[in-house]
Every structure is written in C-alpha cells, then in structure tokens.
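In: one predicted model, sequence on top.
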Amino acid sequence: MGGHSHWAGIKHKKAIVDAKRGKVWTKIVKEIAIAARIGGGDLGTNPRLRKAIDDAKAANMPADNVKRAIQRGTGELPGVMYEERVYEGYGPNGVAMIVEVTTDNHNRTLNEVRQIFRENGGNLGEANCVAWMFKPKGFISVAKPCPVDEDTLISHALDLGAEDVATDVSEAYEIYTDPKDFDKVKDGLAARKVPVADSEVYMKPDTMVPVAKADDAAKVLKLMEALEDNDDVKKVHANFDIPDEILDKVG
C-alpha cells in the first residue's frame, strides 16, 4: 500500500490522542485564521475555510473558537499573524519529505523542524531539493461499505471529474482528482448521498521508496510522528511505501 493510504490511517488513530492534548484544535485554529485572511470569511466563496471548519466540527471544536479564529483572520479581532512556509528534506532510508508549516515565527519553526530531522535520522534540505518528486493531488476517501454499489460510486466520481478511483484498499475507496476539481468532486459526492470519510489536497509522489525492514519503517514513522507533533506543522508529505505486514508490526 502506498504512503498516503496507510499514513492516513495512522494519522486517524493518532488524531484521537492528539485531540486530548489540544494539538488538533491548535492546528485547526491556525488554518481557519490563515484561510480567512487569504480568502475572506464567507464560506460560500472560500472553500479552504469551508474545509477548515469541517475539520473543526469533526474535532468537536466549540463554535465560539471557530468564530474567533475567523475574526482574527479577517482582522475583526486582534491576533497573531501567521505565515505559511514549506520545508523539504530526507528521512531515514532516503525517504523524501515535504513539511508544510503555519507559523508566527519562521526562524523558531525552521530550527525546530531542523532539529527534529536531525534527531530522527534525517536531514533538512534546501528549497526544491525534493519538491520536483511530488505533484499536488486531491484525495477523497469513502468508507466501505458504501451506501451505493462500487460501479455506481466509480461512475459518480468520474462523472464529477475525478481522475482515478482505487478500489483495492480494504477500508475505503480512494478517489483522486486534479486540485482544481477537488471541491466539485467532494461536494458532488455529498449531494449524491455518498458520505466522504476524509479529504485533502496533498502532495502525491511520482515514485515511492520501498521500506521493507521493520527497523527502517519504525524510524520513518517516528520522524513523521515527531514532525506532526510540532504545533506549527500543518502537513507532512512523504514517498515511503511500507508493506502492510511490516506496518502491522511497527504501527
């Protein structure tokens, strides 16, 4: 199984733990604020903000927290000014990684991310050292069993503009789109009573790095978790491919 699929599963389990520590709320508040600053506070015209608020609801964030985050982003309330940065590097076993952050202090976050790489067998690199290996892609998962049959789901997704539908993942159907069609496909599926379990625009690797040994897999996952534990880290994209039997041993 590819890196996105099984890391999404690990993150789902991890998010439950993180939510208890408040990490999920911290990250979502930042995303809401920056989405509102860039695209305004109107959900109808700001799909990024709409997605952030959907995430807030899924994490059971109080509506007042969401409202204040939007108002800070639009400037109606005073607050910290966040900026987005992207760092790139290599993890154990030559795995390429892209780290998206939202921070109010670039130098602090850069030093923290560099230290995390260093402590976990990786190296932070220069800009564009690995970005050329990835392309942005929309990802939508629909849990199995689905209210509609497989052929109907595939037909719906392709009619709405999806590029591909993977049916060989045991837990869910995986739908891939061009980023510009992401919201159209996701909203279209919802309109056709197809529940979306997870969705995001992520950086899909052109090629995967096989990680076939349990020790190497554990090191890669430890670095991924350490990066995502940082409050300023929004997303981590990587091109590892760990076989399920190895993942079961170390996950």
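Out: Okay, I see it. All values derive from a computational prediction rather than experimental measurement.
In: C-alpha only now, for contacts and for neighbours.
Out: OK.
In: where do the helices sit along this protein?
Out: Taking DSSP state H as the test, the helices found in the chain are 3-21, 23-39, 47-58, 63-74, 106-119, 150-160, 182-191, 214-229, 244-250.
In: mean confidence for the longest one?
Out: Just to be clear, that refers to helix 3-21. Helix 3-21 carries an average pLDDT of 49.
In: which residues of the stretch 1-150 of the chain score low on pLDDT?
Out: 1-21 (pLDDT under 70).
In: quick check: A131 touching E88?
Out: Yes. With contact defined as CA atoms under 8 Å, A131 counts as touching E88 (7.3 Å).
In: and these two? Which one has more around it.
Out: E88 (24 against 17; other CA atoms under 10 Å).
In: send the alpha carbons of the lengthiest strand in the chain over as PDB?
Out: Ranked by residue count, the top strand of the chain under DSSP state E comes out as strand 134-143. Taking C-alpha atoms only, strand 134-143 is exported to PDB below (Å, rounded to 0.1, in the frame of the first residue of the first chain):
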ATOM      1  CA  PHE A 134       5.700  15.500  -5.900                       C
ATOM      2  CA  LYS A 135       2.600  16.900  -7.600                       C
ATOM      3  CA  PRO A 136      -0.500  18.300  -5.900                       C
ATOM      4  CA  LYS A 137      -3.400  16.000  -6.000                       C
ATOM      5  CA  GLY A 138      -6.900  15.900  -4.500                       C
ATOM      6  CA  PHE A 139      -7.700  12.900  -2.300                       C
ATOM      7  CA  ILE A 140     -11.100  11.800  -1.100                       C
ATOM      8  CA  SER A 141     -11.900   8.600   0.700                       C
ATOM      9  CA  VAL A 142     -15.300   6.900   1.000                       C
ATOM     10  CA  ALA A 143     -15.500   4.200   3.800                       C
END
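In: that one packs against which elements?
Out: Packing partners of strand 134-143 (3 or more CA pairs under 8 Å, 6 or more residues apart in numbering; DSSP states H and E): strand 172-177, helix 182-191, strand 198-205.
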